[in-house]
Every structure is written in structure tokens, then in C-alpha cells.
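Peer 1: Here is my input; please provide its structure:
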Amino acid sequence: MHFKTLALTTTALIAAFPALAQDETAQKTSTLDKIVITAGRSENEVSTLAQSVVVIDREQIEAASFGSTDPTDLISRLVPGFAPSNQTISGASETFRGRSVLIMVDGVPRNTPLRDNSRILSMIDLNTVERIEVVNGSSSLYGAGATGGTINFITKRGVEEGIRTTITTQASAYTQDIGNSIAPSVSANVEGRIRQFDYFFSLSGDMTRKTYDGRGNEMPSDAMIGQGGSDRTRQGNMFTSLGYENESRRFGLSFDWTYLDQKPDWLTNYSSNPISPDYTSPYTGERLKEDSKYFTGTFTENDFIFGTLNVTAFYNSIRKQSLFNTLSTANSFVYGASNGSTVVSPYNQTILKSDRAGINATVNSDLDFIRDGAKITWGADYTYDHTTQERVDGAAVIAPMTQNQIGAFAQLEVPVTDRFTLQGGARFDQFYLDVEDFTRPSGIFLYNGYRVPLREVSVTGGSFTYNSPTYNIGGVFDLTEEAQAFANFSQGYSLADIGGFTRRAGANSVADICATYGSILAAYGCGTGAPNLNISYANIAPEPALVNTYEAGLRGDWGRFRGTASAYISTSDKGTSFDATTNSVSQQKEKIWGFDLTAEADATDRLKIGTVFAYVEGKYDANGNGKIDAGEYLPNNRIPNTYKINLYGEMRFMYDIMARAEVEYLSGRKVTSQHLPNATLLHLGMSKDMGKSGKLSLGVRNVLDTYYVNPVASAVRGAEVPGLGRTVALTYRVTF
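Peer 2: Model (predicted):
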């Protein structure tokens with residue numbers, strides 16, 4: 001089905017809606033009046049920001065989910081710069097404007113910067129979320145990680161006196177095989193206030209069974225090698241939030257526990273096209289597991305001597321276990337059963353352990369003595385991070401690392417005239433990194449069809465310091481009361497996956513292997529040089545990647561029409577890329593450019609139509625000659641999709657019935673050796689609000705059961721991965 005045909009079909013459906021609609025005026029709220037805190041670590045209206053932002057409120061979360069409980073699916077369709085979903089529990093290749101994304105909950109980062117692990121976004125429970133704030137472009141206000149954008153989940157809390165309970169149940173299935181795929185989901189929220197105290201409790205659980213593509217083929221459980229899939233999972237989330245307000249002060253405590261496991265029945269056949277379950281090879285490893293706990297304490301003083309004081313203390317205990325995998329053309333390096341062996345270790349799966357703790361202090365001070373409306377946001381952060389990664393038998397696969405980070409920042413806002421506001425700021429981070437000595441386990445490298453045994457390599461650690469000053473400046477000009485023009489320059493940085501470099505010590509490329517093993521591998525063409533099985537971390541340490549982003553745009557809200565458009569360029573001299581064909585990581589100069597658009601209109605009092613459009617492309621210094629040449633496009637795992645279009649319509653009918661239709665177009669990418677084809681999908685949803693009796697919703701994703709190649713999943717390892725087939729989800733929610 002072509003994009004044009006689907007678009008016309010959806011338009012016809014939407015055009016027919018008004019005949020059934022009520023003749024009532026829908027309640028509207030200006031998008032420019034929405035308050036966000038993520039962009040500047042202080043409360044700001046969208047209309048005052050020099051960046052492009054997207055705010056997804058609770059109403060949008062429920063209307064646009066189509067029965068999906070995965071935040072990635074929602075964000076990928078509503079946020080222009082975010083890559084399409086790879087449709088698994090992993091976030092591999094789900095980049096933001098071709099770069100890394102910082103994911104936070106209530107302003108506390110959940111990333112693991114010393115050893116990048118992408119299984120973050122899909123673990124967040126949408127039942128606990130009040131709104132999602134997305135800031136486009138690089139930023140360092142919260143430290144490392146936001147080179148492409150920032151996503152901050154703002155959780156719910158009790159707001160009304162008394163006890164309010166919400167129960168949500170759901171059943172979903174793939175229509176290709178309902179009996180083997182039907183899976184339940186249930187959640188319970190309890191919230192309320194008792195005078196000065198507020199509380200919110202949430203408990204949820206869901207599971208998945210078999211999953212299918214548009215041709216009825218069962219999907220593999222591990223399409224991206226160790227990352228996990230979307231089938232055969234069990235997940236539980238528990239969230240608690242307590243608050244106490246006393247005049248100008250507020251105290252808050254929250255606890256969030258996420259548990260998930262996945263047990264595949266079969267290994268994955270990466271040599272088939274598309275990849276598929278290997279029904280000849282039962283899965284023999286341990287389960288994939290997620291067992292992470294997050295503790296957060298907050299304190300706010302509105303009558304602080306310098307303005308408003310916000311203090312946040314946190315502790316994250318993160319445990320992420322991957323799946324067992326074997327040697328293949330898509331996975332050219334695995335761990336051996338013994339030193340020098342060509343037999344894959346039965347313990348070839350790892351556990352990432354990261355313990356992070358910190359305290360952040362932010363002060364918002366008025367500077368009316370300089371100019372009316374001037375203000376400064378300033379403060380300091382401290383973060384402790386201890387990260388290890390081990391095989392399931394306890395053998396370390398990266399150098400254990402401990403890092404202490406101290407940062408200070410200031411962000412100034414000055415209304416220069418009644419219509420023009422200037423914003424700018426700076427941040428300085430000092431890092432103290434301790435890398436322990438360790439022995440990289442023996443491995444097996446697949447080279448020209450041969451299993452090359454790689455002996456253990458000793459890595460000498462040490463103590464290292466580095467720093468990262470970053471700056472930003474921007475301005476907002478009020479064209480009218482309804483519209484603004486904005487422009488900004490901002491810097492962000494990432495820590496370049498330090499653990500990933502030590503995991504590949506002596507085996508990061510064919511040249512690296514020959515330099516390390518020399519004459520030991522003479523039979524494989526490495527020459528007769530003396531082997532060097534002792535490596536210093538100082539010789540392989542990556543540098544922090546500093547990213548510069550230049551952005552300009554327009555936004556406005558004229559009541560019945562609202563939208564934002566922005567163009568950007570981002571550059572870096574030390575961008576980090578993973579080469580799936582050689583299983584290597586490298587840093588090099590790169591440049592990314594793109595355009596984002598969101599637009600929405602009230603066609604009638606009951607019909608809303610809109611679009612989300614994004615274009616992104618980028619190049620890098622692939623041959624290492626110090627410049628970016630023609631044809632040196634960034635790999636697909638950085639930019640898996642050149643442009644995407646989402647057209648949607650939302651209609652409110654009589655009897656409190658609402659319907660939503662979406663046409664989602666993915667262009668794929670065709671500038672690298674692996675061509676990723678395009679795809680067009682149709683999604684439909686309908687809900688009936690029955691008042692005190694609850695709300696019943698039906699969501700259908702991929703309505704036409706279209707078979708397509710998922711560009712993001714396929715880009716991770718260069719193997720073709722199908723997209724998910726038609727899914728039907730029936731949801732019932734009641735509040736009492």
C-alpha cells in the first residue's frame with residue numbers, strides 16, 4: 001500500500017467524522033502557555049524558550065498510544081527528531097537527531113554513561129507519567145548525554161483531597177495468531193492528599209508471548225544480538241511518591257522499581273533474510289533480566305534568600321543482564337570457553353551493574369535590578385558513578401570504573417526589549433576517573449570464515465582527570481502575541497562509552513588484533529611482530545565528544561492552528577560510531593543537519609488534524625584523513641531513517657466517543673551499502689468514556705498488517721529485521 005493511497009483513505013475517513021460529531025466547543029489550551037522545567041532547570045513557558053520543545057501531556061499519552069505500553073513507540077511518532085522505534089525493549093539505534101539522548105525521570109538521569117546501555121526508555125511505566133517534556137538539540141544543563149536531545153518524564157502525584165484509585169486492564173494480541181500471542185496487562189494507581197501530605201502509589205505488570213510480522217512469521221527473540229526482543233517477557237513496575245508541603249517548603253520522596261525478564265525458546269538465525277528464529281537451536285542461556293531501583297529525594301524552598309532553591313538527591317541501583325549469543329557473521333566477537341579456545345563460552349552473556357548517586361542544587365534568582373524580568377538559574381551538581389560489567393560466571397569484561405563528577409552552571413535570561421529576550425549560559429564539569437586493572441577474557445574473532453582464537457589481554461588502569469566546559473546562547477523574538485522566532489547555539493557532550501573501549505581492548509579492529517597478537521596469529525596474516533598482551537588504558541581511552549548545535553525556528557499558536565518548525569546543524573570533532581561489520585568503535589569528525597516540523601489545526605470544534613515531519617542526514621570522516629569527503633555518510637545505526645511523516649486526525653463524537661487515525665511513513669535510508677526500504681503504516685484507535693463506569697479503548701496498530709523492514713532494528717547489526725504485524729489491544733480503565 002503506497003503512502004498516497006493510505007493518506008487519501010485516512011483523509012476520507014476523517015472528512016466523514018463531522019457528520020457524527022456533537023455541535024459543542026472543545027476546550028482548548030494554548031501550547032505556548034504550557035510550563036516546562038527541562039529546558040532551563042526552571043519553570044518556563046514554551047513561548048519564552050530559545051529551543052524547540054515538545055510537551056506530551058496525559059491526554060495525548062492516552063489518545064495516541066493505541067494500546068502500546070512502550071514509551072518509545074509513543075515518542076517516536078510524536079517527536080520529530082527522535083528515530084522510529086526498533087520495536088524491542090532495547091533502545092539500540094534509537095537516536096535523537098542522529099546523536100545520543102539523555103533520558104530522565106523528574107530531572108534525574110537514567111543513562112549509564114561509563115558503559116552505554118540503551119535499555120532505558122522502554123522500561124519506564126507510562127501509568128506513572130503525568131507528562132513528557134522533550135528538548136531538541138544538544139545541552140549540558142544536566143551533565144553528559146544530551147548531544148541530540150533530552151527526554152524528561154514528569155511523574156504523577158496526588159492533587160485532590162481523599163483517595164482516588166485507578167485500575168487499568170488490557171489484553172493485546174497479533175491477529176496472525178491470537179491464541180499464541182494474546183497477553184495481559186494490569187495496573188493499579190492510588191493517589192490523593194491528606195491536608196499537607198500528598199501520595200501516589202502505582203503497581204503494574206504485563207507480559208508478552210509470541211510476536212509476528214505482517215506475513216505471519218514468528219519474530220526472533222533477539223534480533224539485535226543480546227539486546228532482547230519484544231516477545232516472551234514479564235515486566236513489573238512499582239512506584240511510590242510521597243510529598244509534604246509547609247507554606248514555602250516542599251519535601252518529596254519517590255521510589256521506582258523495575259523488573260523484567262525474557263526467556264527465548266530459540267536462538268536467532270542471523271544468516272537468514274530476514275533474520276528468524278533458529279528452530280534447530282534451543283536457547284540454553286540464562287534469562288535476560290532488568291532489576292533496577294531508583295530512589296529520589298527533593299526539597300524546594302520558595303523563600304530562599306536568593307530566590308527559589310531546589311535540591312535533588314538520588315541513588316540509582318541499575319542491573320541489566322543481556323541474552324546469551326553465539327558467533328555469527330552479525331556477531332564477529334564472542335568470549336571463548338578457555339584461553340585460546342575456539343569454542344564459545346557457555347557464559348557468553350553479561351550483566352551491567354551501575355550504582356550512581358548524586359545531589360543537585362538549583363537556585364532561581366530574579367535580577368529585576370538589572371532589568372524587569374531578568375533572572376538567573378544557577379547551581380552545582382555532584383555525581384558518583386561505579387560501573388562494572390561481568391559475564392554471568394563473574395569474569396569482568398570491562399575495566400571496573402569509578403568516577404566522581406563535579407559540575408557548576410549558570411543560565412541567564414534578560415528581556416532586552418519588550419519583544420526580544422536574550423538567553424545564555426555556561427557549565428563546567430570536572431571528572432575524576434579511576435580505572436581498575438583487569439584481564440579481558442579470551443575471545444573468538446570471526447575473520448574470513450575462520451574462528452580466530454584471541455588470548456586474554458591484561459589492561460592496566462590508572463587515575464585520570466578531564467573536564468568539559470560548555471556554553472549556550474539564544475534569543476526569542478515575539479513576532480506577534482501568537483508567534484515567536486527563536487535561534488540558539490548550544491553545546492553538549494557525551495563520555496563516548498568508556499567501558500565499550502576496554503571491553504574491546506586489543507580486539508577493536510583487525511589492525512588492532514594484529515598489533516596486539518602479532519606472531520601468535522601469523523597463520524591468519526598478522527605477520528611476525530612481537531605480541532603485546534599488556535595494554536594501558538591510557539593508550540585506548542576515548543575522549544569526551546563535544547557537540548555544537550546551531551538551530552533556528554518559528555513557532556506559534558493562533559487558537560485553531562499551532563505549530564513549530566526548526567532547522568539545525570550539529571558538529572563534533574570526536575563523534576563516536578560503531579561499525580557492525582568489524583564490531584569496532586571509533587571516534588571521528590562529523591556533521592549532521594536536519595529539519596523538524598509539528599503542526600496541528602482544529603478543522604472543526606470536534607475534529608483535530610496534524611502532522612509530524614522530520615528530516616535528518618549526516619556525514620563523518622570515515623577514512624580518517626581529517627576532513628569529511630563526499631559520500632562519507634554516517635552509518636545507518638546512527639541515522640537509520642532519513643525522514644518520517646506522521647499524519648493524524650482526532651475526532652470527538654456524540655456519546656463521549658473519540659477516534660484517532662494515524663498514517664506513519666518511514667523513508668528508510670539508501671546512502672550507505674545497506675539500503676533500508678521505506679514503509680507506510682496505518683494505526684487506528686477508538687475510546688468510549690462511560691463516566692463513573694470507566695473508559696473502554698480499542699487500539700489497532702498496523703491496521704493493514706503490512707509487511708515491512710524495520711529500519712532501526714535492521715541498522716543495529718546490518719541484518720534485515722521485519723517490523724511487527726497487526727496488533728489489537730483492548731483496554732478498560734476505571735477510576736473511583
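Peer 1: Secondary structure element for Gly499, which one?
Peer 2: Using DSSP states H and E, Gly499 sits within helix 498-503.
Peer 1: and that helix, which residues are buried?
Peer 2: For helix 498-503, the neighbour count (16 or more other CB atoms under 10 Å) marks Ile498, Gly499, Gly500, Phe501, Thr502, Arg503 as buried. To be clear about C-beta, it is placed using only N, CA and C from the backbone, and glycine gets the same treatment.
Peer 1: Over to stretch 525-538?
Peer 2: For stretch 525-538, burial by neighbour count (16+ other CB under 10 Å) applies to Cys526, Pro531, Leu533, Ile535, Tyr537.
Peer 1: now, the most widely separated pair of the residues you listed?
Peer 2: The span of these, defined through CB to CB, is set by Cys526 and Tyr537 at 23.2 Å.
Peer 1: Need phi/psi at the residue nearest to Arg555 when sequence neighbours are not counted.
Peer 2: Leaving out its chain neighbours, the residue that sits closest to Arg555 by CB to CB, 6 or more residues apart in numbering is Thr564, at 4.0 Å. Note on Thr564: its backbone torsions stand at phi -140, psi 140 [degrees, to the nearest 10].
Peer 1: Surely Thr564 is in contact with Glu551?
Peer 2: No. Contact criterion CB atoms under 8 Å: Thr564 and Glu551 do not qualify, at 11.3 Å.
Peer 1: Show me the strands in the stretch 451-600 of the chain, by range?
Peer 2: All strands of the stretch 451-600 of the chain, identified by DSSP state E, counting those that start in this stretch, fall at 457-460, 462-478, 483-494, 534-536, 545-557, 561-579, 584-602.
Peer 1: and the helix holding Gly499, how far out from the chain's middle?
Peer 2: Here helix 498-503 is found 21 Å from its chain centre; the criterion is CA atoms, centre = their mean, to the nearest Å.
Peer 1: Now the common contact residues for Thr564 and Glu551.
Peer 2: Shared contacts of Thr564 and Glu551 (CB atoms under 8 Å, 6 or more residues apart in numbering): Ser52.
Peer 1: Stretch 180-200: which residues count as buried?
Peer 2: Buried residues in stretch 180-200, counted by 16+ other CB under 10 Å: Ser181, Ala183, Ser185, Ser187, Asn189, Val190, Glu191, Gly192, Arg193, Asp198, Tyr199, Phe200.
Peer 1: now swap in stretch 272-286 and tell me
Peer 2: Pro274, Ile275, Ser276, Pro277, Asp278, Tyr283, Gly285, Glu286.
Peer 1: If we ignore the residues flanking it in sequence, what's nearest the second one?
Peer 2: Taking CB to CB, 6+ apart as the measure, Ile275 lies nearest to Ala719, with 5.0 Å between them; neighbours along the chain are not counted.
Peer 1: Next, count neighbours for the one you found.
Peer 2: Counted with other CB atoms under 10 Å, residues neighbouring Ala719 total 26.
Peer 1: so what's it up against?
Peer 2: By CB under 8 Å, 6+ apart, the contact set of Ala719 is Ala223, Tyr270, Asn273, Pro274, Ile275, Ala330.
Peer 1: Need the three-state assignment for it.
Peer 2: Assigned with DSSP: H, G, I helix; E, B strand; the rest coil, Ala719 falls in the coil class.
Peer 1: mind checking how far Phe489 is from Tyr568?
Peer 2: Here the distance between Phe489 and Tyr568 works out to 11 Å (CB to CB, to the nearest Å).
Peer 1: swap in Thr465?
Peer 2: Thr465 is 32 Å from Tyr568, by CB to CB.
Peer 1: now Ile398
Peer 2: For Ile398, the distance to Tyr568 (CB to CB) stands at 34 Å.
Peer 1: ok, these two, which is more surrounded?
Peer 2: A count of neighbours by other CB under 10 Å puts Ile398 above the other of Ile398 and Tyr568, at 27 against 23.
Peer 1: Find the nearest non-adjacent residue to that one, please.
Peer 2: Sequence neighbours aside, Gly499 is the residue nearest to Ile398 in space, at 4.0 Å (criterion: CB to CB, 6+ apart).
Peer 1: Please tell me the pLDDT value assigned to that neighbour.
Peer 2: Looking at Gly499, its pLDDT is 85.
Peer 1: Now do the same contact list for it.
Peer 2: Contacts for Gly499 (CB under 8 Å, 6+ apart) come out as Leu114, Arg115, Asp116, Thr387, Gln389, Ile398, Ala399, Met401.
Peer 1: Helices along this protein, start to end?
Peer 2: 3-16, 58-64, 71-78, 178-181, 498-503, 510-517, 537-540, 711-717 (DSSP state H).
Peer 1: for the stretch 551-700 of the chain, what are the low-confidence residue spans?
Peer 2: Within the stretch 551-700 of the chain, the segments meeting pLDDT under 70 span 580-584.
Peer 1: Identify the farthest-apart pair in the buried residues of stretch 180-200.
Peer 2: Farthest apart among the buried residues of stretch 180-200 - using CB to CB - are Ser181 and Arg193, which lie 41.4 Å from each other.
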